[in-house]
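Student: sharing a sequence plus its predicted fold:
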Amino acid sequence: MIAPPEKAPTPIGRVVATETKPATTHQFHFWTATETTIGIGAIVKVGPGSGSADGGAQHAAPLHQHVERVVYGVVTDGFAYSDLVTPLHDVIGAEGDPTRAAEAPTARQEIRYWTAAVLRQTPEEPLQPVPLSQVYVADDTDVAQALRMDAFLHSAAPTAIPVGLYTSAGRDAPVYLDADFLLGPEAAHLNISGVSGLATKTSAVEFLLGSIFAHFPSHKGRVAAVCFNVKGPDLCFLDQPGDLSDEDRHRYQRLGVPAAPFERVRYYAPLKADGVNLNTLRTHPDLIDAVEPLTWGLQEVVDFAEVLLNRDDIDAKADAFIDFLRDRVLGRTFDDGFGGTHRVQTFADLDRLFRSIFDGLEITAGGRSDTWRTHHIATMRKVRNRLMNISTRCKGLVTDDGPSSDLPWNEFADRTVYVIDIANVDPLGQDLVFARVVSKLREQLERRELGVDALVVFVDELNKYAPGDGSETYVKKMLLDISERGRYLGLVLFGAEQFRSQVHRRVVGNAGTQLFGRMDMDELATPGYQVLSPATKSKLATLPIGELMVRHPHFTQPIFVRFPKPPVLRGRDGVERFPPAADVPFEDAVVRQLVQLDRRVRPNQVKDLIADREPDDVRRALAAARRTRPDDVLAYFRKILGSRVTPDARVPREHQAVPPLNAISDEPY
């Protein structure tokens, strides 16, 4: 993977030290010719090249002499000046006319003077100041040594993951990350910051996921990724090829990463309010078959009621009643105490239970009792209103009546990307999706039942989900838990944001690897960037698209790398090439989903079957068919749908008058 040097290197400068600017153990200075390939971010080597430190022949050293010290550094600042004492001398020499400055009889001597931070010294002990030796441009082998990549590149079980190419000083050297420090267990998590549109944050994550899939060590098992698409069509076309230049293809070849889109991608998106059309921009007829609905019922929602309920409104009494429903009512045969037996599995079942309890309190107790099973009626009404409103606010994601359609728990496949498209979902629904999916992933990884050994979770817009200020939300607590304990489980967080300084410190602080694209100068002025030199900050503020600054546990200083354009179709280009289809009528949407499950299904058969049927009954049968995936989809759908019931044959429900409820002083509803 690392190419050996082709010829003896030529020194490009020499270390210089003065009393005011000495060479230390962590920093040194050197000069070069006026015309040089060195710049900010370049990696240099101090010490002997192919010969001695002075470029002469290598002589055998006596045994009592020390081994020649080699120092690797990265350029952090640069200066240029001449022998002028003051600027006034130059003005006088040109007689005040800038056009005559070039007519001076003698050219003033100029100097290029550079400051470099030490990356590594060999031998590492004893740690000594940098020697006053010649300076060379680092080649591929030197870059591997300087960044301590040799430890995981050439070990018995290599764990190298390509992150990009070091291209400073005219070089083209691959740079690798250690999988043990990127995906655990030694360290984990990745954070990427940069301004919107110019930092290529999403593109960097797409490339890195492809690199992980191609180079994930076999001894570490299986790996997959879950990506939350929260902005338009960003991640909707990961399985479609994009346009690559010859330069990008060369970079892919240099890094050993396939220049092809992801082979296995599975898409999930909630339904729209009609319950049959998908709420995603990936609805083109050629692509929609790869999108599966994501809908949840009462059980999935109640388990994460804390995400949805306003904590300023729901108190300890309401929490206790929700726990009672979760532990003793949902999914069980339950006696309401008034002669009614219920089995609560859907929101409709829950509503019937509440009505039975309220009716029972008014009829049986004559309106004199305001408590049921130690729970006050005001608390129960409050919880009922909040829970029933959830199915309205998150309609399409949360189903009122019927089974859920979920991710393939226990069956995650190796090298597969699972995209959950919630870009068009209400923020409340986004919080629910994130909280439940991540909690479920953590539980299954703890029990080693997910199907993979390591899982990358990509979350964009961390400024929204894990802000540094504000209240402690359930989603923020989940992100903190992943960042602090996820590496032991194989649950790895890849987070992206525009303003790193405004994300919770423990979320970014626990990220073992940090990437920086083009940064805003206001952001660079915050205290978190004080460790960077002014020249490095200036370069960060002007980084071109496709270039990143990388910080990694093995790298003692930040390194600039360039990564190739991802070989997948960008979101905006995908929408132009595959325009989203308009919503289809209810009958056609049902046909489309059944045909997706079984190509033998005929549209006319389905339309005849669902004619004059209640839409809720059709949705329930359709959800059951999606979840079960039987061999004969149409026969199963017909069985669940049941026989047609004419309006005249329906038995009207007898309604018994209920006396008015006695006034309760603390009843707010």
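Tutor: Nice, I can see it.
Student: helices along the stretch 101-250 of the chain, start to end?
Tutor: Remark: helices assigned in the stretch 101-250 of the chain by DSSP state H, counting those that start in this stretch are 140-146, 150-153, 179-182, 201-215, 246-255.
Student: of all those helices, which one is nearest Glu446?
Tutor: Set against Glu446 and scored by CB to CB, the helices of the stretch 101-250 of the chain come closest in helix 179-182, at 20.3 Å. C-beta here means a position set from N, CA and C on the backbone, and glycine is covered the same way.
Student: what packs against the closest one?
Tutor: Counting contacts by 3 or more CB pairs under 8 Å, 6 or more residues apart in numbering; DSSP states H and E, helix 179-182 is packed against strand 160-166, helix 201-215.
Student: can you pull up the most central residue in the chain?
Tutor: Phe458 (1.9 Å; CA atoms, centre = their mean).
Student: what residues are up against His26?
Tutor: Counting by CB atoms under 8 Å, 6 or more residues apart in numbering, His26 makes contact with 117-118.
Student: same thing with the one 3 residues further on?
Tutor: Residues counted as contacts of His29 (CB under 8 Å, 6+ apart) are 15-17, 21, 23, 113-116.
Student: ok, of these, which one's closest to Pro580?
Tutor: Taking these together and measuring to Pro580 by CB to CB, the closest member is Ala116, at 52.1 Å.
Student: re the thing from before, so which of the helices and strands packed on helix 179-182 is nearest Phe560?
Tutor: Of all these, strand 160-166 comes closest under CB to CB, at 7.4 Å.
Student: packing partners of that closest one?
Tutor: Strand 160-166 packs on strand 173-178, helix 179-182, helix 201-215, helix 246-255, strand 547-551, strand 559-562, going by 3+ CB pairs under 8 Å, 6+ apart.
Student: show me how the chain divides into domains.
Tutor: Listed by automatic domain parsing, the domain ranges of the chain are 13-53+68-160, 202-293+409-418+440-470+483-576, 299-393, 584-649.
Student: quick one on the thing from earlier: can you tell me the helix or strand for the residue nearest to the centre of the chain?
Tutor: For Phe458, the host element (DSSP states H and E) is strand 454-459.
Student: just checking, next helix/strand downstream of that strand?
Tutor: helix 462-465.
Student: picking that back up, touching, the residue nearest to the centre of the chain and Ala225? I think so.
Tutor: Yes: here Phe458 reaches Ala225: they are 6.6 Å apart, a contact under CB atoms under 8 Å.
Student: name the residues contacting each of these two.
Tutor: In contact with both Phe458 and Ala225: Leu209, using CB under 8 Å, 6+ apart.
Student: can you pull out the low-pLDDT segments for the chain?
Tutor: Applying pLDDT under 70 to the chain flags the ranges 1-7, 49-67, 105, 199, 308-314, 365-368, 401-403, 643-669.
Student: wait, doesn't Pro123 sit right on Arg69?
Tutor: Yes: with contact defined as CB under 8 Å, Pro123 reaches Arg69; the gap is 7.2 Å.
Student: which residue, other than its chain neighbours, is closest to Tyr418?
Tutor: Excluding the flanking residues, the one nearest Tyr418 by CB to CB, 6 or more residues apart in numbering is Val226, at 4.8 Å.
Student: count of residues packed around the one you found?
Tutor: 22 (other CB atoms under 10 Å).
Student: what sits against it?
Tutor: Here Val226 is in contact with 417-418, 420, 437, 441, 455-458 (CB under 8 Å, 6+ apart).
Student: one more time with 10 Å
Tutor: Counting by CB atoms under 10 Å, 6 or more residues apart in numbering, Val226 makes contact with 266, 268, 407, 412, 416-420, 437-438, 441, 455-459, 491.
Student: for stretch 609-624, the distance to its chain's centre please.
Tutor: 37 Å (CA atoms, centre = their mean, to the nearest Å).
Student: for that stretch, list every residue counted as buried.
Tutor: Of all the residues in stretch 609-624, those buried under the rule 16 or more other CB atoms under 10 Å are 609-610, 617-624.
Student: over to Gln240: give its phi and psi.
Tutor: When read as degrees, to the nearest 10, the backbone of Gln240 gives phi -110, psi 140.
Student: enumerate every residue touching it.
Tutor: 261-262, 265, 282, 286-287, 567-570, 573-574, 577-578.
Student: again, only this time at 7 Å
Tutor: Neighbouring residues of Gln240 by CB atoms under 7 Å, 6 or more residues apart in numbering: 261, 568-569, 574.
Student: repeat for Thr416
Tutor: Thr416 touches 224, 264, 266, counting by CB under 7 Å, 6+ apart.
Student: count the neighbours of Asp327 for me.
Tutor: The burial count for Asp327: 9, using other CB under 10 Å.
Student: distance of it from Asp303?
Tutor: 11 Å (CB to CB, to the nearest Å).
Student: next one: Phe321
Tutor: Counting by CB to CB - Phe321 and Asp303 are separated by 15 Å.
Student: neighbour count: the two, which is higher?
Tutor: More neighbours surround Phe321 than the other of Phe321 and Asp303, with 21 against 17 (other CB under 10 Å).
Student: from Leu361, how far out is the residue lying closest to that one once chain neighbours are set aside?
Tutor: Excluding the flanking residues, the one nearest Phe321 by CB to CB, 6+ apart is His375, at 5.0 Å. Separation of His375 from Leu361 (CB to CB) stands at 11 Å.
Student: can you give me the end-to-end distance of stretch 521-535?
Tutor: Using CA to CA, to the nearest Å, one end of stretch 521-535 lies 12 Å from the other.
Student: same thing with stretch 250-263?
Tutor: Stretch 250-263: ends 21 Å apart by CA to CA.
Student: how about that stretch: buried residues?
Tutor: 251-252, 254-255, 257, 259, 261-262.
Student: any chance of the helices and strands packed on strand 160-166 in a markdown table, with distance to Phe637 too?
Tutor: As requested, these are exported to a markdown table (distance: least, CB to CB, whole Å):
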| stretch | distance to Phe637 |
| --- | --- |
| strand 173-178 | 49 |
| helix 179-182 | 46 |
| helix 201-215 | 37 |
| helix 246-255 | 46 |
| strand 547-551 | 50 |
| strand 559-562 | 53 |
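Student: perfect, I'm done here.
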